[in-house]
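*Asks:* Below is the sequence, then the predicted model.
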Amino acid sequence: MEDVGELSWLHNVPMKVTVELGQGQLSIRDLLLMVQGTVLELDKLAGEPLEVLVNDRLVSRGEVVMINEKYGIRLTDVINPDEK
């Protein structure tokens, strides 16, 4: 593995981090009928690890935590780059 110091010029490159709670499907009709309070069913079960993506690539899994009234994620599994 390369020395991290050799890559220091990359330290300030912005990257999009996304935490995926789940996915679902709905018809255009159902989309048009949505109002405040509508509940969308997702494919993940309660307590199932959430996926952490960086620039749309899976890098980790984790669980939701609360930090000073904001949501956060505690990483429980970091994906080995060789497994991607």
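*Replies:* That came through, no problem.
*Asks:* Go ahead and flag the most central residue of the protein.
*Replies:* Of all residues in the chain, the one closest to the mean position by CA atoms, centre = their mean is Val19, 1.5 Å from it.
*Asks:* Mind listing the strands the helix or strand hosting that residue pairs with, and their directions?
*Replies:* In this assignment (DSSP states H and E), Val19 forms part of strand 17-20. Paired strands of strand 17-20, with direction, are strand 50-54 (antiparallel) (DSSP bridges).
*Asks:* averaged over its residues, what pLDDT does the strand it pairs with have?
*Replies:* Taken as a whole, strand 50-54 has an average pLDDT of 93.
*Asks:* Measure how far it is from the centre of its chain, please.
*Replies:* 3 Å (CA atoms, centre = their mean, to the nearest Å).
*Asks:* Name the surrounding residues that touch it.
*Replies:* Here strand 50-54 makes contact (CB atoms under 8 Å, 6 or more residues apart in numbering) with 15-21, 44, 58-64, 73, 75. Bear in mind the C-beta positions are built from the backbone N, C-alpha and C, glycine included.
*Asks:* Do a quick rundown of the strands in the protein.
*Replies:* Using DSSP state E, the strands of the chain run over residues 17-20, 50-54, 57-67, 70-78.
*Asks:* Relative to Trp9, which of these is closest?
*Replies:* Closest approach to Trp9 among the strands of the chain (CB to CB): strand 50-54, 18.2 Å.
*Asks:* Tell me how many other residues crowd Val52.
*Replies:* As a burial measure, Val52 scores 21 neighbours (other CB atoms under 10 Å).
*Asks:* does it have beta-bridge partners, and which?
*Replies:* Beta-bridge pairing for Val52 (DSSP bridges): Val19, Ser60.
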